[in-house]
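> Following is a predicted model, sequence given first.
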Amino acid sequence: MNPASTILIAFPKGRLGDELVPKLAGTPLALDAAALNSRVLRIPTATPGVAALLLKGVDLPRYVAAGVASLGIVGSDTLDELDMDLLELADLGFGACRLSLCALAGVTLDGLRAKPHLRLATKFPKATEAWLTREGLTAELVPLSSSAELAPLLGLADAIVDLVQTGGTLQAHGLVETLVLGRSSARLVAARGAYLSEPGRIRPLAEALISALRRE
């Protein structure tokens, strides 16, 4: 198989990837176990001519939007922060989590609203700004890409806006959810050009992914 003709699917690393890989086991798109245990980021699947790219965060939809990968799986929280020309094909029903305003235990929502200079640490500025606008509030946003839970503890911010799945990490840092701003789950997206120009190749793969990932 000519590598140039191989269809690439962008799969997420991290939390979503940890849920994704077991769901694909035993399906035509199962990932090669030996390659998964290596350091390579291009993984063959059980279907000849189809390979997976393992990518992080905002990089993943960029590969799909550019047409490098024909399909991709990404959290809706990431999609909401980006303005990219992607076709969203399906909510895959896994990777569910909440986008929440979180603060130290004892800090109330009214207390945060009353602060003359509210500081919020987040890697979701677009969603945070949208909530502030709805509430008629202003705040200084402190951009963080990781370990946001430390910000209230160390005085960098009054609260954080972050994804919450089980709440265990919040509890370990003395934080509680003050308000749920939105909800996120894994979405199947496609490169518009590839999906519309090569439906005979791309759509069956999309349907196979939806079938595999939505099964109980």
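Looks like it arrived, so ask away.
> who does whichever helix in the chain runs longest touch, helix- and strand-wise?
Across the chain, the helix with the greatest residue count (assigned by DSSP state H) is helix 199-214. For helix 199-214, the packing partners by 3 or more C-beta pairs under 8 Å, 6 or more residues apart in numbering; DSSP states H and E come out as strand 7-12, helix 15-24, strand 71-75, strand 86-91, strand 186-191, helix 192-197. For the C-beta atoms, the positions are set from N, CA and C on the backbone; glycine is no exception.
> Mean confidence (pLDDT) on the fifth one, please.
By that I understand strand 186-191. Rounded to a whole number, the mean pLDDT of strand 186-191 is 95.
> try the third one
Average pLDDT, strand 71-75: 96.
> Give me the helices and strands touching that strand, please.
Here strand 71-75 is seen to pack against strand 7-12, helix 15-24, helix 59-65, strand 186-191, helix 199-214 when contacts are counted using 3+ C-beta pairs under 8 Å, 6+ apart.
> 6 Å instead, please
Packed against strand 71-75, as judged by 3 or more C-beta pairs under 6 Å, 6 or more residues apart in numbering; DSSP states H and E, are the following elements: strand 7-12, helix 59-65, strand 186-191.
> how about those in JSON lines, adding mean neighbour count and distance to residue 84?
Formatted as JSON lines, the entries for these read as follows, by neighbours: other C-beta atoms under 10 Å; distance: least, C-beta to C-beta, whole Å:
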{"stretch": "strand 7-12", "mean neighbour count": "22", "distance to residue 84": "12"}
{"stretch": "helix 59-65", "mean neighbour count": "21", "distance to residue 84": "4"}
{"stretch": "strand 186-191", "mean neighbour count": "24", "distance to residue 84": "9"}
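> Out of these, the one nearest residue 157 is which?
Nearest to residue 157, of all the helices and strands packed on strand 71-75, is helix 59-65, at 25.7 Å by C-beta to C-beta.
> How about the contacts made by residue 148?
When the contact criterion is C-beta atoms under 6 Å, 6 or more residues apart in numbering, the partners of residue 148 are 121, 160, 162.
> How about residues contacting the longest helix of the chain?
Contact with helix 199-214 is made by 23-24, 27-29, 70-71, 89-90, 92-93, 188, 194-195, as judged by C-beta under 6 Å, 6+ apart.
> Check for me that residue 129 belongs to a helix.
Yes. If the criterion is DSSP: H, G, I helix; E, B strand; the rest coil, then residue 129 is within a helix.
> Verify the contact between residue 77 and residue 184 for me.
Yes. At 3.9 Å, residue 77 counts as touching residue 184 under the criterion of C-beta atoms under 6 Å.
> Who are the packing partners of the longest strand anywhere in the chain?
Under DSSP state E, the strand in the chain containing the largest number of residues is strand 175-184. Packing partners of strand 175-184 (3+ C-beta pairs under 6 Å, 6+ apart): strand 97-104.
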